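Student: One predicted model, sequence on top.
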Number of protein chains: 2
Amino acid sequence: MQRRFSRFADTVLGEPGIFRLMDDLDAALTGSQKLHMLGGGNPGNVGPVSEYFRRAFLRIGESADHFARVAGRYDGPAGNTQFRKAFAASLSAMYGWSLTESNVVLTQGSQNAFFLLLNLFSGPFPDGRGRKILFALSPEYIGYENSGLHENSLLAVPSKKIPLGDGFFRYTIDIERITQALQTGNIGAICISRPSNPTGGMLEDDEMKILSSLARQFDVPLIVDGAYGDPMPGVVYGNGRPYYDDNTIFVLSLSKTGLPGIRTGIILAPADVCSVLERIQAVQHLAPGGLGPALVQEGIADGSFFKLCKEHLPAFYRERQRLAIDTLFNELEPDRDVQIHRPDGAFFLWAVFPRLTISTSELYLDLKKAGVLVVPGSYYYPGLPDDDRQSPEWEGQRSIRISYSQDLSTIQEGLSILCQVVREKNSRA
Amino acid sequence: MQRRFSRFADTVLGEPGIFRLMDDLDAALTGSQKLHMLGGGNPGNVGPVSEYFRRAFLRIGESADHFARVAGRYDGPAGNTQFRKAFAASLSAMYGWSLTESNVVLTQGSQNAFFLLLNLFSGPFPDGRGRKILFALSPEYIGYENSGLHENSLLAVPSKKIPLGDGFFRYTIDIERITQALQTGNIGAICISRPSNPTGGMLEDDEMKILSSLARQFDVPLIVDGAYGDPMPGVVYGNGRPYYDDNTIFVLSLSKTGLPGIRTGIILAPADVCSVLERIQAVQHLAPGGLGPALVQEGIADGSFFKLCKEHLPAFYRERQRLAIDTLFNELEPDRDVQIHRPDGAFFLWAVFPRLTISTSELYLDLKKAGVLVVPGSYYYPGLPDDDRQSPEWEGQRSIRISYSQDLSTIQEGLSILCQVVREKNSRA
């Protein structure tokens, strides 16, 4: 007997990339094969920050009362009110924004925040139109793929590539094509990750202003995925500042600060959006979890948690990033053999191999056999139209995403193996 | 400017009952007004079980390694593998079922498990048909309402009422109408909660066999919500045994054992269903949380956690239940003024007031003013057709759900106030 599933199952019947990634990640972390794990989004274990969490965890456990309040109660559907107040107040003070708890909704991880948001602004609308989420950069996060409950609910505009010399480049927005897409009236929201997963790039402050004014002009919200950025985990290496205004939905997470197992996402948004989100969350979840907010409540209220993150996390990843770049540039010739996206934030390198004679999907398999796990670039193009995938400028089959959150020897050994495999598969030309 | 949301928002624009319930619950627990909280699904704080959790929590926190494994890592999309293995093995040993980890998927609370399952088996199907979830009992859980992403995706068959004398009755399944509904071919799955939220009743073992064979005959799965039942929290007062077979999807939860803030649902299902669920979960969540499974891992593996629950939880709630029933039957005349569903499990009384001159929606408001929070019965009819709602036999406007998870004085005082208000609003006839 073939079981009958509804169309709700359709989006996942082709084994989504994010499923393969999470499955690979779990296998690498729990399996017996020695793997150099450069593929996942798991954050590093950063001593002082882990210890901060562990001490907060123990304090909760040491008080029967506190433990009962955190573990033994449902929060409201928007999440812990005390935390939402503190978060709104802290960010308002730090950045001059005007937030109250009515602008904050907690979710069970930011992945679920995006499931809710992308569906809230794509698919069929009450006016009879179908609308799409517009990804203003492409490549873009693998986890957005398949998240739309309706077919064709995502549309990506290919990024423009700017060479920077010395083996580096960066992607930026193609304003003309973004404007054209908005002019169709078929866009429900603009979305970007900043810092970008997968490229580690960060759209500059001026570029954000352009995107934001386009969003406003075409009356759609701008959704910004800040899972790796300021104010936490704060893994930002340059001067870019977080962006928020009354037409922006800004999504943050505790995962990359070191708490992926606790599943805590935070949405900052206009109050009318939050009001719909909390109702949806009541139906789909009753309430988000109470532990994530409890662990950082104090440090959010007095700002010390943000300082702790900024003091330790960027430095931790920066050291690994330098090693990764040095290894790649020592073993492959910059620009000719390998090009790296300028790393502005997060803990990923996006590497393009111009002379590779095989696709990076094949490279991924060769590397897995050689004990190195990366993610092939082609996964990172949710919503990219077929025409753009056929374009010679498309880099999805020449690129990979490398995570540098693991220990230094894993990074160095893994990338040395990678460079060796790449050299073997490079053209002789 | 009116913001444009997609139809994804449609189901929640009318303020879902579950949202109002969760919001009331949060307000009662965090607000300043003294409220007798008899309205929520929050479990009681049961000393020995809370202490068990707290000690397990502290053990995790005391080891930096263990803490990092639990909080600092993503599990796979189906949830912690070690836990799933232990859970499958334990339940197989206890009940003679044949489960492996491929039959177990963890979710971020059982509410989300139902969001996934109800949509997986309702709405548009690939064969072009729309199918519905059939609730074999009605009243049924408030939280199923609005959970279908498509209109008209839920269909309830009214329960048959069996008077038991001495102020008690019980609802049972209307086999004829259930069969008729299945014969249309428009049903995607049968669903019941057992023990029932809201009635506290429990479909008997023979009735389960009938439902199960109907499900098999019409080639749809039987989904059983066991959030209050065996093997955990084990809040079952009679002899009913948990039901599972290879056409059943059995959903459990850690919430009612005392961990609602940790959000841990557990789905037992045929492997083909689990395989689709874990893919969907990767897209919507990346992975479920790691703390819930870690807290009970050992006690699940050696069975001691189930024993702990059975030793303490039913007794805790039974004491409160007796007080609640005594209070109602002392202050109102059994059968004539109040009828109570036979309490077989969970921590709810479903009370019907035959002589009330106002609806229980109005009674709810009067009680709230008087400082008592209950849930009006009319919320508990997800999917009930209008015709059945118009029927004189429909009890939705004569009934309320009373939670007896709070302390004894709250129960006694709250119900005394309730009885007084009911007496004032009873007909003189």
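Tutor: Done, it's in. Residues are numbered from 1 along each chain as shown, chains lettered A, B, ... in the order given.
Student: CA only for contacts and neighbour counts going forward, please
Tutor: OK.
Student: so residue A:271 sits right up against residue A:103, yeah?
Tutor: Yes. Residue A:271 is within contact range of residue A:103, at 5.0 Å (criterion: C-alpha atoms under 8 Å).
Student: Comparing those two, which shows the higher neighbour count?
Tutor: residue A:103 (23 against 17; other C-alpha atoms under 10 Å in any protein chain shown).
Student: got the contact list for the more buried one?
Tutor: For residue A:103, the contact set (C-alpha atoms under 8 Å, 6 or more residues apart in numbering or on different chains) comprises A:88, A:267-271, A:274.
Student: ok, of these, which one's closest to residue B:281?
Tutor: Closest approach to residue B:281 among the contacts of residue A:103 (C-alpha to C-alpha): residue A:267, at 19.9 Å.
Student: List the contacts of whichever strand or helix holds residue A:224.
Tutor: Taking DSSP states H and E as the criterion, residue A:224 maps to strand A:222-225. By C-alpha under 8 Å, 6+ apart, the residues outside strand A:222-225 that reach it are A:189-195, A:211-212, A:215, A:247-252.
Student: now residue A:402, what's its secondary structure?
Tutor: With DSSP: H, G, I helix; E, B strand; the rest coil as the basis, the three-state label of residue A:402 is strand.
Student: can you pull the contacts of it?
Tutor: Contact analysis of residue A:402 by C-alpha under 8 Å, 6+ apart lists A:38-39, A:348-351, A:374-375.
Student: Residue A:60 reaches residue A:66, doesn't it?
Tutor: Yes. In this structure, residue A:60 is within contact of residue A:66 by C-alpha under 8 Å, at 5.6 Å.
Student: For the stretch 151-300 of chain A, what lies in contact range of chain B?
Tutor: A:188, A:220, A:258-263, A:276, A:279-280, A:282-291 (C-alpha under 8 Å from any C-alpha of the partner chain).
Student: So which of those sit within strands?
Tutor: Those of those mapping onto strands are residue A:188, per DSSP state E.
Student: What about the residues of the stretch 151-300 of chain A next to chain B, which are in helices?
Tutor: When DSSP state H is applied, these are split such that A:258, A:276, A:279-280, A:282-285, A:291 fall in helices.
Student: With pLDDT added, can I get those in a markdown table?
Tutor: Converted to a markdown table, those look like this (pLDDT from 0 to 100):
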| residue | pLDDT |
| --- | --- |
| A:258 | 97 |
| A:276 | 95 |
| A:279 | 92 |
| A:280 | 94 |
| A:282 | 91 |
| A:283 | 92 |
| A:284 | 95 |
| A:285 | 95 |
| A:291 | 98 |
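Student: which of the residues you listed are buried?
Tutor: Using 16 or more other C-alpha atoms under 10 Å in any protein chain shown as the burial test, those include A:258, A:276, A:279-280, A:282-285, A:291 as buried.
Student: could these be laid out in CSV, adding distance to residue B:416?
Tutor: As requested, those are exported to CSV (distance: C-alpha to C-alpha, whole Å):
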residue, distance to residue B:416
A:258, 50
A:276, 37
A:279, 33
A:280, 36
A:282, 31
A:283, 32
A:284, 35
A:285, 33
A:291, 36
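Student: Which one of those is nearest to residue B:396?
Tutor: For these, the nearest to residue B:396 is residue A:283 (20.8 Å; C-alpha to C-alpha).
Student: For the residue nearest to that closest one when sequence neighbours are not counted, list the residues it contacts.
Tutor: Nearest residue to residue A:283, sequence neighbours excluded (C-alpha to C-alpha, 6 or more residues apart in numbering or on different chains): residue B:147, at 5.9 Å. Contact analysis of residue B:147 by C-alpha under 8 Å, 6+ apart lists A:283-284, B:11, B:114-115, B:118-119.
Student: Just those residues: which are in helices?
Tutor: Short answer: these in helices (DSSP H) are A:283-284, B:114-115, B:118-119.
Student: and which of those residues is nearest residue B:302?
Tutor: Once C-alpha to C-alpha is applied, the member of the ones in helices among the contacts of residue B:147 that ends up nearest residue B:302 is residue B:114, at 28.4 Å.
Student: Kindly state the domain boundaries assigned to chain A.
Tutor: Following automatic domain parsing, one gets these domains for chain A: A:13-48+A:308-425, A:75-302.
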